[in-house]
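Trainee: sequence first, predicted model second:
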Amino acid sequence: MKADTILFNGKIHTLDPQNPFATAVALKDGKFIAVTDDKSVLNYSHDTTRRIDLHKQTVIPGINDSHTHLIRGGLNYNLELRWDGVPSLADALRMLKVQVERTPSPQWVRVVGGWTEFQFAEKRMPSLKEINDLSPDTPVFILHLYDRAFLNKAALKAIGFTKVTPAPAGGQIEYDKNGEPTGLILATPNALILYSTLSQGPKLSYEHQLNSTRHYMREMNRFGITSVIDAGGGFQNYPDDYQVIDELNKKDQLTVRIAYNLFTQHPKQEADDFKNWISSVKLYQGDEMYRHNGAGEMLTFSAADFENFLQPRPELPVNMEDELERVIKLLVENRWPFRLHATYNESISRFLNVFEKVNREMPFNGLPWIFDHAETIDEKNISRVAKLGGGIAIQSRMAFQGEYFSNRYGSEKTLQTPPVKKIIAAGVPVGGGTDATRVSSYNPWLALYWLSSGKTVGGKEIYGLEQRLSREQSLEIYTKGSAWFSNEQNKKGSIKTGMFADLVVLDRDYFNVGEAEIKEIEADMTIVGGKVVYAKRKFAALDPAPVPVLPDWSPSKIYNGYYSKTNNQEYARTRQGSAVLRKQDLATQTSLAAQTIHQCAGSCDVHAHNHNVARLSNIPVNDLTTFWGALGCSCFAF
């Protein structure tokens with residue numbers, strides 16, 4: 001058999017225990033036909049075979065996010081200004097101001113999750129005054145995890161929040177001394193108030209949603225993601241909100257494999273939702289790029305134990321068991337796999353009581369089912385999950401909320417949140433994910449850093465050596481482990497003959513770089529089904545033709561999603577950036593110029609000085625009328 005493509009001269013970590021390392025692979029018809037050495041791979045070559053030199057770079061199987069929200073994220077990606085990875089609040093506010101100037105009425109500027117105050121040098125969130133000062137007229141909505149959102153005065157006006165606006169159960173609207181809404185809304189702990197408010201903003205046109213989804217998939221390819229399981233979401237209706245991804249699949253324009261779960265949308269009518277879908281959707285319908293995967297992560301609204309660790313653990317209602325049992329019986333009877341959002345051990349105990357009751361009457365008999373999150377599950381409940389044949393999908397939420405959890409429950413409790421090693425030891429399948437885009441970032445390398453270093457993205461050590469996974473174990477969870485959760489463990493997750501030809505050429509050696517550098521890893525090349533879907537640097541000539549970003553004012557056009565030092569530093573030098581700055585008043589120009597000069601990304605051009613030291617000092621480096629600020633470098637002060 002002759003190959004379509006050969007890749008050679010690499011350091012390939014296959015995650016196949018029978019053949020753990022290789023230097024070359026041969027690909028044909030979207031699958032691996034040989035995983036071998038440089039000499040042997042020549043046996044699969046002929047005149048039309050494409051040969052790619054890997055330049056001894058590290059290669060891994062494609063990353064598989066077993067719990068994310070790609071479909072919803074894709075519909076909105078070009079609408080959103082991402083603060084994922086931004087190193088300082090000053091940088092984030094500078095980006096916000098620039099985007100405010102670019103955004104036409106009646107559109108909003110939206111920062112929707114993926115960031116935490118602990119990633120910022122200042123270790124704080126923005127204030128409502130800062131947001132209103134930067135954007136007096138353009139609506140701004142900023143979501144922080146699933147605990148709060150900031151709305152400026154223009155956004156409050158746009159959605160009609162007043163003194164008499166009621167908050168939904170489990171939500172809170174903050175008011176000032178005059179009884180007017182301040183713009184801060186809180187999940188206490190129900191996040192409905194956050195995403196119901198967000199849903200009132202303008203949406204992209206269908207054409208722009210197609211474009212937005214393509215760019216979001218490319219952004220995922222940038223970090224080596226080749227597969228995901230979409231866990232549905234509130235206000236994500238099937239089939240209406242799935243038309244975009246369905247059309248892209250029919251046009252052969254998907255660059256990420258997607259398995260999707262269906263998420264109930266109607267409180268008290270959950271069983272009706274699933275009855276309708278069971279009658280109209282064939283289990284696993286679709287193809288190798290886009291396919292159905294079962295029910296969840298929301299099965300009943302009464303079973304939602306919201307994960308806002310700034311708030312006390314919610315007590316689930318007494319009617320939860322009856323409502324959940326009705327849905328579980330329906331799913332088991334029709335052999336539909338299911339997954340359930342389950343944060344706290346107390347909730348998990350009650351869920352398992354329901355599952356075990358149904359199993360006695362109607363045996364699961366190998367039906368795949370999943371708990372999502374399971375941050376505080378204990379050993380007893382892990383054993384119960386194992387006995388029922390379930391799996392546990394963990395996500396990097398503690399990388400973003402570890403500080404909050406530790407402050408509320410203590411460092412000792414945090415050590416086993418989630419108890420990943422105990423779950424693995426019990427033989428329960430474990431898949432890795434992010435829960436992006438609202439709760440955390442879609443960048444999987446933050447998750448791999450968290451699991452292997454035991455630290456949050458803000459640098460707080462929350463796990464000891466005994467709780468951490470090795471880098472190999474962490475990667476295995478996000479590749480082989482995740483494949484079980486879509487019943488594709490024999491198709492993906494390893495670089496092995498017969499498996500899908502999904503792989504990533506990394507821009508640095510994950511297995512040997514410094515701990516903090518794991519967070520900075522990206523793909524130099526990503527291949528899905530034997531096709532190059534993303535390439536840069538030495539492989540740039542293989543990169544697919546670019547797709548223009550629509551609409552022109554999209555934040556993605558200049559910021560490209562996850563924070564890029566190059567993009568953000570160079571923007572101020574572009575013609576468009578200069579024009580934006582000229583439109584602003586003198587005070588704002590001064591502030592933005594100072595923030596650009598003293599960015600936290602990188603070092604100054606003169607003395608390789610860390611600007612963050614200066615930013616947090618008492619020296620007036622941001623006052624361009626003084627000696628230090630005018631020089632554009634605070635090195636001289638130290």
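Mentor: Perfect, I can see it now.
Trainee: quick one: residues contacting the closest residue in space to residue 10 that isn't next to it in sequence.
Mentor: The shortest distance from residue 10 to any non-neighbouring residue, by C-beta to C-beta, 6 or more residues apart in numbering, is to residue 54 (3.2 Å). Placement of C-beta: from N, CA and C, glycine included. Residue 54 sits next to 7-12, 505 when contact means C-beta atoms under 8 Å, 6 or more residues apart in numbering.
Trainee: give me phi/psi at residue 8?
Mentor: The phi/psi pair for residue 8 (degrees, to the nearest 10) reads phi -140, psi 170.
Trainee: buried subset of the contacts of residue 54, written for PyMOL?
Mentor: Selecting only the buried entries of the contacts of residue 54 in PyMOL, with 16 or more other C-beta atoms under 10 Å as the criterion:
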select buried, resi 7+8+10+11+12+505
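Trainee: which ones among the contacts of residue 54 lie within strands?
Mentor: Judged by DSSP state E, the contacts of residue 54 include 7-8, 11-12, 505 as members of strands.
Trainee: and which of those residues is nearest residue 565?
Mentor: Residue 565 has its nearest neighbour among the ones in strands among the contacts of residue 54 in residue 505, at 21.2 Å by C-beta to C-beta.
Trainee: okay, the ones in strands among the contacts of residue 54 in a markdown table with distance to residue 537 and pLDDT next?
Mentor: What follows is the ones in strands among the contacts of residue 54, written out as a markdown table (distance: C-beta to C-beta, whole Å; pLDDT from 0 to 100):
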| residue | distance to residue 537 | pLDDT |
| --- | --- | --- |
| 7 | 16 | 98 |
| 8 | 18 | 98 |
| 11 | 16 | 98 |
| 12 | 18 | 98 |
| 505 | 10 | 99 |
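Trainee: so which of these comes closest to residue 365?
Mentor: The closest of the ones in strands among the contacts of residue 54, once distances to residue 365 are taken by C-beta to C-beta, is residue 12, at 38.5 Å.
Trainee: check which helix or strand covers residue 34.
Mentor: Per DSSP states H and E, residue 34 falls inside strand 31-36.
Trainee: other SSEs contacting that strand?
Mentor: strand 24-28 (3 or more C-beta pairs under 8 Å, 6 or more residues apart in numbering; DSSP states H and E).
Trainee: strands along the stretch 251-400 of the chain, start to end?
Mentor: Taking DSSP state E, counting those that start in this stretch, the strands of the stretch 251-400 of the chain run over residues 257-262, 290-295, 338-342, 369-373, 391-395.
Trainee: quick one, which of those is nearest to residue 120?
Mentor: strand 391-395 (21.8 Å).
Trainee: which residues touch the closest one?
Mentor: Contacts for strand 391-395 (C-beta under 8 Å, 6+ apart): 66-67, 229, 339, 368-374, 377, 382, 385, 418, 420, 423, 428-435, 439-440, 447, 477, 482, 484-485.
Trainee: that older thread, and the strand holding residue 34, how far from the chain's centre?
Mentor: 30 Å (C-alpha atoms, centre = their mean, to the nearest Å).
Trainee: kindly report the same for stretch 330-345.
Mentor: For stretch 330-345, the distance to the chain centre is 23 Å (C-alpha atoms, centre = their mean).
Trainee: what pLDDT, on average, does it get?
Mentor: Stretch 330-345 comes out with an average pLDDT of 98.
Trainee: what stretches of the stretch 401-550 of the chain score poorly on pLDDT?
Mentor: Along the stretch 401-550 of the chain, no part satisfies pLDDT under 70.
Trainee: so what's the residue count around the residue nearest to residue 396 when sequence neighbours are not counted?
Mentor: Nearest non-adjacent residue to residue 396, counting by C-beta to C-beta, 6+ apart: residue 447, 3.6 Å away. Neighbours of residue 447 under the rule other C-beta atoms under 10 Å: 31.
Trainee: cool, residue 107 as well?
Mentor: 18.
Trainee: and residue 50, by the same measure?
Mentor: 14.
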